[in-house]
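J.: Turn this into a model:
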Amino acid sequence: MTPVMPRVAVMTKAYQERTMLPLWVRHYEKLVGRENLLVLDHGSSPAISIGGVRTERLPRGQVDEYDYIEILSVWQRKLLSEYDWVITTDTDEFIVPNPQLFSSLTAMLRDTPSGTRRCVGCEVIDPGNPTQPLDWSLPILRQRPLGVLSKWSSKPAVSSVPTDWMPGLHTAHTPSIFDHALWLFHLKYADEQYLMERLALTRALDWSARSVAEGLGGSHRVPDIAMRRAMEHYRSTIAPGTLDDVLSKQSDPDTLTSPMMAIPDVFLDCL
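T.: Residues are numbered from 1 along each chain as shown. Sure, this is the predicted structure:
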């Protein structure tokens, strides 16, 4: 008898995202099918419209991290009434199951106990070579094969139960399992030109007073010089070896860290 595959949905929230969103759709439609994607359009102009992708329009207001949690929680619960698993990511986050262990994401989740899975977070880093600009239409990781492991991107993003997230979705009150076979590649830092253009946009948004007071979303508001220094710091840590060498010695996602090292070869053709 052919095993029944779980129903899996993937959702994101987007605003004026013309670079990452097409890539997000292209990646996740391969994993779950375009008809199982949901984009929450937070007031983009023009409104987001992608053939075959469900889009829900949200009213544009202040940027507030607590409001975001509430919005995503409501939609996650709606989707869980229709699906077995729901994946929640930003538009620049791309989840990949280890292809040496699983033939597909649905095959992995078919054999995964119900609950919440926390991903291995990997920041994909622009090496800073101006002669090698990133071509977003081509496979990304072959162009950007170096990254760092990050607790901030080790998110509880894959769940079959309602998730009680904390601001930023980096962690949750809901118990989760840190799954070394499930990687989340964060492309925010993969191209410095895109990074700085996006930073200018997010810095100019109308942030709520409580988000600013609590430092929530602070990485989206830093001065250009601070972001460039952060990129220089990443590059200064480059080391031999691969990230899975480091991962094998770390079991706590809340302290996950590494130098800038090679992304495991097994993932390079997955994104």
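J.: going forward, measure contacts between C-alpha atoms and count neighbours the same way
T.: Noted.
J.: Which stretches in the stretch 101-250 of the chain count as helices?
T.: Along the stretch 101-250 of the chain, the segments classed as helices by DSSP state H, counting those that start in this stretch run 105-110, 140-143, 192-203, 209-213, 224-236, 243-247.
J.: For residue 47, which of those helices is the nearest?
T.: helix 192-203 (17.1 Å; CA to CA).
J.: what's the angle from that closest one to helix 224-236?
T.: 140 degrees (axes from the mean of the first three to the mean of the last three CA atoms, to 10 degrees).
J.: contacting residues around helix 192-203?
T.: Contacts with helix 192-203, where a contact means CA atoms under 8 Å, 6 or more residues apart in numbering, come from 126, 128, 188-189, 220-222, 224, 227.
J.: Also stretch 214-234?
T.: Residues outside stretch 214-234 that contact it (CA under 8 Å, 6+ apart): 65, 125, 148, 167-168, 189, 196, 199, 202-204, 211-212, 259-260.
J.: if we can go back for a sec, max pairwise distance over the contacts of helix 192-203: which two?
T.: For those, the farthest-apart pair by CA to CA is 128 and 221; their separation is 21.9 Å.
J.: which of those two has more neighbours?
T.: residue 221 (20 against 14; other CA atoms under 10 Å).
J.: give me every residue that touches the residue minimising distance to the centre of the chain.
T.: For the chain, the residue sitting closest to the mean C-alpha position, by CA atoms, centre = their mean, is residue 93 at 2.1 Å. Applying CA under 8 Å, 6+ apart to residue 93 gives the contacts 24, 184-187.
J.: Just give me the closest of those residues to residue 137.
T.: Checking the contacts of residue 93 against residue 137 with CA to CA, the nearest one is residue 24 at 11.9 Å.
J.: quick one: secondary structure of the closest one?
T.: The assignment at residue 24 comes out as helix when based on DSSP: H, G, I helix; E, B strand; the rest coil.
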